[in-house]
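1. Okay, here's the prediction I keep looking at, along with the sequence it came from:
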Amino acid sequence: QVQLVESGGGSVQTGASLRLSCAASGRIYEYGKMGWFRQAPGKERDFVSAIVWGGGSPYYADSVKGRFTISRDNFKNTLYLQMNNLKPEDTAVYYCAAGDTTYPATAAGRYDNWGQGTQVVVSS
């Protein structure tokens with residue numbers, strides 16, 4: 001089974017930036033899509049951003065549009081999430097996910113492989 005390993009989380013103050021990485025054990029271009037989700041304490045796992053291979057522009061949750069950027073490096077088999085202007089409401093465990101199919105890209109249930117998560121804490 002493909003393994004996904006996230007890194008790059010941490011504790012920062014409001015307005016800071018972090019870049020999350022997701023290293024895959026397999027070739028990421030063999031997936032239909034890859035994405036980032038997050039889960040705050042006591043809340044459900046929410047969609048953050050996704051890339052669909054051959055699907056045009058990336059997808060973003062409204063709450064992160066203009067602040068977060070998803071990207072990938074096929075040679076390094078790594079997915080990234082650049083997070084700028086972080087806010088306290090961005091505090092959560094961030095998960096990387098990969099799906100064999102392309103759509104839908106925003107539904108957690110349509111992803112087949114998940115990482116263990118990386119914690120992001122933003123203080124005011």
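-> Happy to help now that I have it. In this text the structure is predicted, and so the values were computed from the model without any measurement.
2. Which parts of the protein are strands?
-> Along the chain, counting by DSSP state E, strands occupy 4-7, 10-13, 18-24, 33-39, 45-52, 59-60, 68-73, 78-83, 92-99, 113-114, 118-123.
3. Now for the residue at minimal distance from the centre of the chain: which residues touch it?
-> Among the residues of the chain, the one closest to the centroid is Trp36, at 2.1 Å (C-alpha atoms, centre = their mean). Under the criterion of C-beta atoms under 8 Å, 6 or more residues apart in numbering, the contact list for Trp36 reads Leu20, Cys22, Val48, Ser49, Ala50, Ile70, Leu79, Leu81, Tyr94, Tyr95, Cys96, Ala97. No exception for glycine: its C-beta is placed from N, CA and C like everyone else's.
4. I'd like to know which of those residues is nearest to Gln119.
-> Nearest to Gln119 among these: Tyr94, at 7.8 Å, using C-beta to C-beta.
5. for the residue nearest to that closest one when sequence neighbours are not counted, which residues make a bridge with it?
-> Spatially, and ignoring its direct neighbours in sequence, Tyr94 is nearest to Arg38 (4.8 Å; C-beta to C-beta, 6 or more residues apart in numbering). Note on Arg38: beta-bridge partners by DSSP bridges are Asp46, Tyr94.
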